[in-house]
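Undergrad: Next come a sequence and a model predicted from it.
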Number of protein chains: 4
Amino acid sequence: MTLDHSDPEGAIAKAAKAYSNWGRWGEDDVLGTLNFLDEAKRREGAALIRRGVSFSLSQRFDIDGPQKGWRRRTNPVHTMLDTGTDAALGNQGLPHGIGGADDVIAMPLQCSTQWDGLGHIFDHGKAWNGRPAEKVVTSDGDLVTGIEHMAPHVAGRGVLLDVGRVVGQDGELPDGFAITEEHLTATAEAHGVRVGRGDLVLVRTGQLSRVRRWRSPHAEGSGGGWGDYAGGPAPGLSFTTAGWLHGSEIAAIATDTWGFEVRPNEFEHAFQPLHQVAIPHLGLLIGEMWDLDALAEDCAADGEYAFWLTAAPLPITGAVGSPVNPIAVK
Amino acid sequence: MTLDHSDPEGAIAKAAKAYSNWGRWGEDDVLGTLNFLDEAKRREGAALIRRGVSFSLSQRFDIDGPQKGWRRRTNPVHTMLDTGTDAALGNQGLPHGIGGADDVIAMPLQCSTQWDGLGHIFDHGKAWNGRPAEKVVTSDGDLVTGIEHMAPHVAGRGVLLDVGRVVGQDGELPDGFAITEEHLTATAEAHGVRVGRGDLVLVRTGQLSRVRRWRSPHAEGSGGGWGDYAGGPAPGLSFTTAGWLHGSEIAAIATDTWGFEVRPNEFEHAFQPLHQVAIPHLGLLIGEMWDLDALAEDCAADGEYAFWLTAAPLPITGAVGSPVNPIAVK
Amino acid sequence: MTLDHSDPEGAIAKAAKAYSNWGRWGEDDVLGTLNFLDEAKRREGAALIRRGVSFSLSQRFDIDGPQKGWRRRTNPVHTMLDTGTDAALGNQGLPHGIGGADDVIAMPLQCSTQWDGLGHIFDHGKAWNGRPAEKVVTSDGDLVTGIEHMAPHVAGRGVLLDVGRVVGQDGELPDGFAITEEHLTATAEAHGVRVGRGDLVLVRTGQLSRVRRWRSPHAEGSGGGWGDYAGGPAPGLSFTTAGWLHGSEIAAIATDTWGFEVRPNEFEHAFQPLHQVAIPHLGLLIGEMWDLDALAEDCAADGEYAFWLTAAPLPITGAVGSPVNPIAVK
Amino acid sequence: MTLDHSDPEGAIAKAAKAYSNWGRWGEDDVLGTLNFLDEAKRREGAALIRRGVSFSLSQRFDIDGPQKGWRRRTNPVHTMLDTGTDAALGNQGLPHGIGGADDVIAMPLQCSTQWDGLGHIFDHGKAWNGRPAEKVVTSDGDLVTGIEHMAPHVAGRGVLLDVGRVVGQDGELPDGFAITEEHLTATAEAHGVRVGRGDLVLVRTGQLSRVRRWRSPHAEGSGGGWGDYAGGPAPGLSFTTAGWLHGSEIAAIATDTWGFEVRPNEFEHAFQPLHQVAIPHLGLLIGEMWDLDALAEDCAADGEYAFWLTAAPLPITGAVGSPVNPIAVK
């Protein structure tokens, strides 16, 4: 797919039409490409558990996260309802020496490692499967495709495409680097791994490794900050991969970046145009801000880039996204 | 173990001493009984994925939950930062026809299906591994055993003990029913399943099935409410199972009830005495409010009560609990 | 005004038309009836400060409030970021012996003593001054009439109409009692007080006194609960007072009840029809859940029912309501 | 008072002893210097309402505030439970054409214009009136001196000391400028105003005017940000004013800065040493982040620096601070 930069809206419309999955799984569908993930695929994934080693692909959830308030996205505020200090001081009034701690959190569902639900993005007022956005997501949340519907499904065969390692320098792609279908294919070939229908694909750009170095107390000038990880320039998928995302029939895809697609976006004055095609038209489950580094190290070491992956969203009724702690097992 | 009802504090102290795991995994340990779950156990669990069918064991997270405000535990408040109605009406100011929805949640970490972290309960000012509670859990959260440390570990062999089905009537134990070691053993035998070191054990009492019927719009007098599911009388583990919990060397245990142990508790004026032994002394990971009904139906149908289970807590830094969407795969 | 019970929508439309203030203060108006409260009125109010005694008319804001989750209205959840226990135990790492406590709150803006902002209620998609509701209140809040615009204005002459004392039994009106213009006028006459343009009028029904007795630990059967204070049957203003609210040219009005108007509402299948006229058509500032009891006692004692009143909403940008601690000074 | 820079802890201890009000109002006191504000003072304040013009001294409460996450202090997150867009689209299911909007907020109580409660600061584990901090402020909040106790009291005679205008350049003091007793006295003399027992004193440094210019979209390089308003260098009261704060017997004091006292603080490695004396030892009510600019303009114009001031905290049970919308009336 060549990219016509002169007409963003036209290019988006063309891709939307070419790669639409509307109606593919019936008019009542609430799962999108998760439909590709079937029981056979789970059996295939399970066979990849050989050593029994498990990896969390989640960043942490805390106040020191990357969010800077854009669209009221803040970092999590975790506070205690009861503490060990109160317990130790006998302030809790509980019998026989028991003490307890409880806690509460306030956070955007897209603040750290996450899934975008199907109600997260619309194209010209249309949500996944062609539904009118205003009938799907109101102030009461996503009344149709809330992420709770995905609760039991996201467990299957995971594949890591470490594009940073294969295509980048020192394991990292530079900010603004657009990953094309050719990069994805070349990476899979270099890994000796196959990507196919129903797979959960993880694309490592290496940007998070770079941010992690920058955040280190020893990094000069960083002050421990996140820089522009949330919304700034980043490597990511090119708009032109829409066809590959559609044709490969993968069930879901996630990256180690804030925004999944390359930033700045490839059209002028655009905002996440690949999302605009991938979520409402393909019905694709997209993950962001995943921490793929430890898994990538292991894959590089043993040469196995496929594994069992469970990444179940919390069934928050009507949510258009969910924090997630994805677990890969090899 | 016989239960001396006359001296709760003495009975608790005796069990705490008899079943302590303090120091077992070194003085820096932050995982407790999760240490029992090793790579061999994961390979054993993986072999149980035969059909590829997956089950979510999570209740939903929403305002219609069971919490009634006790200890400031409320139900989740999920609100939208952007909606499809605004997108459809062109209120969002985004280019080229894209629209979006975002959301935010405020919730206690123990509001619905959850894990209790190791910092959740203290005994006479002592936290897991003998640490002083006031050095472990302050207003800044659990500085030592925060649930983030468990992030990659909770994936392995799950076993369902459907005590409700085996011991109860019509699949349910009555409120106040104390499940003993004998009930657990008899249930495992009836199922033809073995429980051992490193297993993730799920105990179904059937109380949630009862509450679900009660909440049905067709149930007379219910008004759709939860009754006293959160904190009221319930079946659950007897204090006397402390020895079994210790000796079986299981990695974790969860029930379909609010409080894991039988309620009212077996001592007068007591509050969750089994927690007081199991969390700070055994270092046992305890799950509550899990929805085991669909899985139990399937196990009854195919006779297989062991399966692959992933139940990774969200790595909320310093949390003493975490919401979780456990996924069982058979 | 006689009430045609057979045609709620018609009756509402008729009142809306008859008592509309649309355009009265220009098409850009964001203050509604607060425009009636001018500097002369403030001077008149100031002259009522004779003794220098002040009264808070606010209920408390805490988890033990009346909300039960309707429309996701919960009670406030107040948690600590730092505590005295941590400070005393030296957990805070601050120099020279200083320690601190900080706190955070999550709450609906209408959870306790409050003002309804002008963006709180719409009639057939129209907000105050005839604006389209969808252009006024989006997910970003009230973009036009947010309560921040009222920040400096709500200080002036307050008048208490203790209808419970004058018309009720033992100082209280029964639930379901509809207060008419005649009741308001008779009460003012009994008090020897005049109500006029720009006044801030407080109507005491006595329901809160009744609820307070019920909540007392000594009240039989109460369990300390609020019963149906939030949304249940209550005394309150009759729909027929719309004309008086308009003609009297008062600046604002508040009651000691959850819903201002009588409940159940006077039409079948209705929901707060007086709001539907008073807020979008009159542009009237309405307060709810005010605690008028201490002030009422004092007014009964000294016979003075007019006073200086300050009741400034918090300038929360784009809010459609605000918690408030109204202060009356006599 | 001369300042011994070599011994911060000694200097603090000396001031604490010299200016202590412990026991002055009995051992059960929960009001501190608010005790100075009596009915006579309110009558005196009321007489200052001459024109009837009112000023809000509050900054706004929204996501674009100055907080940067220090000690988990974030800016308010205000979200909608219902909107006008949903109402306009008929999504709300309410009868007869009524529609509604509701909202919710999550915020630190010290995020914008605020009062520090008496439980906000401790000195060597001691809270106001000599109480042990750990018995006063636990995870359950301030059990003794919660800000709800102040609910009816904060209404009286306000005095503006516009030190920025009298002592500064172009109406502003530079960051790091320590305001001494001499500056306060000279300013009062320049204004022709007297400060005395029971007054509510407002000290304008001009820093907020500077920040406001900086935040203007036209300011070069600002990007609309707040810079280091929250916690960075600022003009403010010198530690040496502790004696004046004590001797003047004022009821409360507030500034237009984040931290009330000069920053960087006057001792090395210190943190808010004047707070450490003023709150736990004097029992002084301190306000921060007040917007005094409009009022200051008016005072400069008419030469009247005393006025009626109402600044009632929200009665949040157990809070150690409160947002406030102070209203000055002249």
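TA: Cool, got the structure. Predicted model, so just to flag it, every value in this text is computed and none were measured.
Undergrad: quick one, phi/psi of A:Ala301?
TA: As for A:Ala301, its main-chain torsions (degrees, to the nearest 10) stand at phi -70, psi -40.
Undergrad: Same check on A:Gly158?
TA: Main-chain dihedrals, A:Gly158, degrees, to the nearest 10: phi -100, psi 150.
Undergrad: Identify the residues contacting it.
TA: Residues near A:Gly158 by C-beta atoms under 8 Å, 6 or more residues apart in numbering or on different chains: A:Gly45, A:Asp199, A:Leu200, A:Val201, A:Leu202, A:Ala306, A:Phe307, A:Trp308, A:Leu309, A:Ala328. In this view, the C-beta of every residue, glycine as well, is placed from N, C-alpha and C.
Undergrad: What residues are bridge-paired with the closest residue to it other than its chain neighbours?
TA: Closest residue to A:Gly158 apart from its sequence neighbours, by C-beta to C-beta, 6 or more residues apart in numbering or on different chains: A:Leu309 at 3.0 Å. For A:Leu309, the beta-bridge assignment (DSSP bridges) gives partners A:Gly156, A:Ala328.
Undergrad: One more: A:Gly100?
TA: Going by DSSP bridges, A:Gly100 forms beta bridges with B:Ile121.
Undergrad: Tell me, how many residues neighbour it?
TA: 26 (other C-beta atoms under 10 Å in any protein chain shown).
Undergrad: you'd agree it is up against A:Leu81?
TA: No. Counting by C-beta atoms under 8 Å, A:Gly100 does not reach A:Leu81; the two are 9.1 Å apart.
Undergrad: which residues touch the spatially most central residue of chain A?
TA: Central residue of chain A (C-alpha atoms, centre = their mean): A:Gly287, 1.1 Å from the mean position. With contact set as C-beta under 8 Å, 6+ apart, A:Gly287 has these partners: A:113-116, A:202, A:252-255, A:260, A:311, A:324, A:326.
Undergrad: Which positions within stretch A:247-262 qualify as buried?
TA: A:248-262 (16 or more other C-beta atoms under 10 Å in any protein chain shown).
Undergrad: Between all of the residues you listed, which two are separated the most?
TA: Using C-beta to C-beta, the buried residues of stretch A:247-262 span at most 26.2 Å, a distance reached by A:Glu249 and A:Trp258.
Undergrad: hang on, isn't A:Ser112 packed against A:Arg60?
TA: Yes. Assessed by C-beta under 8 Å, A:Ser112 is found in contact with A:Arg60 at 6.9 Å.
Undergrad: For these two, work out which one has more neighbours and name it.
TA: It is A:Ser112, of A:Ser112 and A:Arg60, that has more neighbours when counted by other C-beta under 10 Å, with 27 against 20.
Undergrad: Around chain C, which positions in chain A sit nearby?
TA: Residues of chain A lying near chain C by C-beta under 8 Å from any C-beta of the partner chain: A:77, A:79-81, A:83, A:85-86, A:88-89, A:91, A:104, A:106, A:139.
Undergrad: The helix or strand encompassing A:Arg213 vs chain D: in contact?
TA: In this assignment (DSSP states H and E), A:Arg213 forms part of helix A:207-215. No. Using C-beta under 8 Å from any C-beta, helix A:207-215 stays clear of chain D, coming no nearer than 14.3 Å.
Undergrad: check contacts around A:Ala254.
TA: Contacts of A:Ala254 by C-beta under 8 Å, 6+ apart are A:57, A:115, A:200-203, A:260, A:286-288, A:290, A:311, A:326.
Undergrad: Phi and psi next, for the residue nearest to it when sequence neighbours are not counted.
TA: Closest residue in space to A:Ala254, ignoring its immediate chain neighbours: A:Gly287 at 2.7 Å, by C-beta to C-beta, 6+ apart. Backbone torsions for A:Gly287, taken as degrees, to the nearest 10, come to phi -110, psi 150.
Undergrad: Enumerate the beta-bridge partners assigned to A:Gly287.
TA: What pairs with A:Gly287, by the bridge criterion (DSSP bridges), is A:Trp115, A:Ala254.
Undergrad: roughly how far apart are A:Ser54 and chain C?
TA: From A:Ser54 across to chain C, the span is 33 Å (C-beta to the nearest C-beta, to the nearest Å).
Undergrad: Low-confidence bits of chain A, can you list those?
TA: A:1-2, A:219-223 (pLDDT under 70).
Undergrad: quick one, helices of it?
TA: Here chain A has its helices, by DSSP state H, at A:8-18, A:39-46, A:84-88, A:133-136, A:163-167, A:181-191, A:207-215, A:242-247, A:273-277, A:293-302.
Undergrad: Out of those, the one nearest C:Arg71 is which?
TA: Within these, the stretch nearest C:Arg71 is helix A:133-136; the backing value is 19.4 Å (C-beta to C-beta).
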